[in-house]
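Colleague: How does the following fold in three dimensions:
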Amino acid sequence: MKKIKSIAVLLIITIFLFTLTGCYDADGLEALGYAVAIGIDKGENDKIRLSIQFAMLSNSSGGSRRR
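Modeller: Presented below is the predicted three-dimensional model:
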């Protein structure tokens, strides 16, 4: 009986591992923004000014370019 119970628990854990690790809501690299430069400056009236530069990603997969 103990062996059947341990097999059942192992089976349930295995099912949970495969069903809870999906990527159904994952964003592609094109939808994400990557900061390549961040600048912090002293602005007017002693306020802080934050400047961020983002990389522009394209749908290309690399390799050779077609003309």
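
Colleague: got the contact list for residue 46?
Modeller: Going by C-beta atoms under 8 Å, 6 or more residues apart in numbering, residue 46 touches no other residue. To be clear about C-beta, it is placed using only N, CA and C from the backbone, and glycine gets the same treatment.

Colleague: give the contact list for the nearest residue to residue 43 once chain neighbours are set aside.
Modeller: Spatially, and ignoring its direct neighbours in sequence, residue 43 is nearest to residue 49 (3.8 Å; C-beta to C-beta, 6 or more residues apart in numbering). By C-beta under 8 Å, 6+ apart, the contact list for residue 49 reads 40, 41, 42, 43.

Colleague: Could I get the full set of helices for this structure?
Modeller: With DSSP state H as the criterion, the chain has helices at 2-19.

Colleague: List the buried residues in the helix or strand of it with the lowest mean pLDDT.
Modeller: In the chain, the helix or strand scored least confidently by mean pLDDT, DSSP states H and E is helix 2-19, which has a mean of 88. By neighbour count on 16 or more other C-beta atoms under 10 Å, the buried set for helix 2-19 is empty.

Colleague: Dump the C-alpha coordinates for that helix into PDB.
Modeller: C-alpha atoms of helix 2-19 as PDB (Å, rounded to 0.1, in the frame of the first residue of the first chain):
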ATOM      1  CA  LYS A   2       2.900   2.400   0.800                       C
ATOM      2  CA  LYS A   3       4.400   1.700  -2.600                       C
ATOM      3  CA  ILE A   4       1.200   2.600  -4.400                       C
ATOM      4  CA  LYS A   5       0.800   5.800  -2.400                       C
ATOM      5  CA  SER A   6       4.400   6.900  -3.300                       C
ATOM      6  CA  ILE A   7       3.800   6.100  -7.000                       C
ATOM      7  CA  ALA A   8       0.600   8.100  -6.900                       C
ATOM      8  CA  VAL A   9       2.400  11.100  -5.300                       C
ATOM      9  CA  LEU A  10       5.200  10.900  -7.800                       C
ATOM     10  CA  LEU A  11       2.700  10.800 -10.700                       C
ATOM     11  CA  ILE A  12       0.800  13.800  -9.400                       C
ATOM     12  CA  ILE A  13       4.100  15.800  -9.000                       C
ATOM     13  CA  THR A  14       5.100  14.800 -12.500                       C
ATOM     14  CA  ILE A  15       1.800  16.000 -13.900                       C
ATOM     15  CA  PHE A  16       2.100  19.300 -12.100                       C
ATOM     16  CA  LEU A  17       5.700  19.800 -13.300                       C
ATOM     17  CA  PHE A  18       4.600  19.500 -17.000                       C
ATOM     18  CA  THR A  19       1.400  21.600 -16.700                       C
END
